[in-house]
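Chemist: Next one to model:
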Amino acid sequence: MTDALSIQGYLSLAIVLAVLLVKLFAFVNAVMYPSAAYVAAGKLTKPAWATILGLGLAAQVLFLGRGPLGLLNIVFTIAAIVYIVDVRPALASVTRPRR
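Modeler: Purely as a prediction, here's the structure:
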């Protein structure tokens with residue numbers, strides 16, 4: 001019985017850490033692009049994305065003990081995934097790579 005509980009605990013911890021890393025990556029990436037790239041890509045502004053992703057990261061850290069499936073955590077996780085899947089490629093297409 002205790003083996004199943006410890007496996008569930010490790011799985012829950014792995015999910016929490018994975019979601020935290022996704023949010024951290026999205027926030028850092030969003031801050032690195034210039035504001036003009038957001039306008040050129042036709043997306044929300046840089047301050048808007050930085051605020052959304054920063055609040056999501058802060059909520060993840062502050063409410064870490066509440067489990068990975070809290071409603072606030074789900075909403076901000078979806079926002080981070082939307083940034084990574086939709087906004088980031090659009091920003092990359094309008095920005096020249098640094099050399």
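
Chemist: CA atoms for contacts and neighbours, from now on please.
Modeler: Will do.

Chemist: Please point out which parts of the longest helix anywhere in the chain sit buried.
Modeler: Longest helix in the chain, counting residues (DSSP state H): helix 2-32. Neighbour counts over helix 2-32 (16 or more other C-alpha atoms under 10 Å) mark 16, 19-20, 23-24, 26-27, 30-31 as buried.

Chemist: Go ahead and confirm Asn73 touches Val61.
Modeler: No - counting by C-alpha atoms under 8 Å, Asn73 sits too far from Val61 to count as a contact (10.1 Å).

Chemist: Contact partners for Leu55?
Modeler: Contacts for Leu55 (C-alpha atoms under 8 Å, 6 or more residues apart in numbering) come out as Phe76.

Chemist: Now it: which helix or strand?
Modeler: Following DSSP states H and E, one finds Leu55 within helix 46-62.

Chemist: and the most centrally placed residue in the chain, what does it touch?
Modeler: By C-alpha atoms, centre = their mean, the chain has its centre lying nearest to Lys23, at 2.4 Å. Contact analysis of Lys23 by C-alpha under 8 Å, 6+ apart lists 53, 56-57, 77, 80.

Chemist: any idea which of those residues has the most stuff around it?
Modeler: Using other C-alpha atoms under 10 Å as the neighbour criterion, Ala80 leads the contacts of Lys23 with 27 neighbours.

Chemist: Which helix or strand contains that residue?
Modeler: Using DSSP H and E, Ala80 falls in helix 71-82.

Chemist: could you say what helices and strands that helix packs with?
Modeler: Helix 71-82 sits against helix 2-32, helix 46-62, with contacts defined as 3 or more C-alpha pairs under 8 Å, 6 or more residues apart in numbering; DSSP states H and E.

Chemist: And that helix, how far out from the chain middle?
Modeler: 7 Å (C-alpha atoms, centre = their mean, to the nearest Å).
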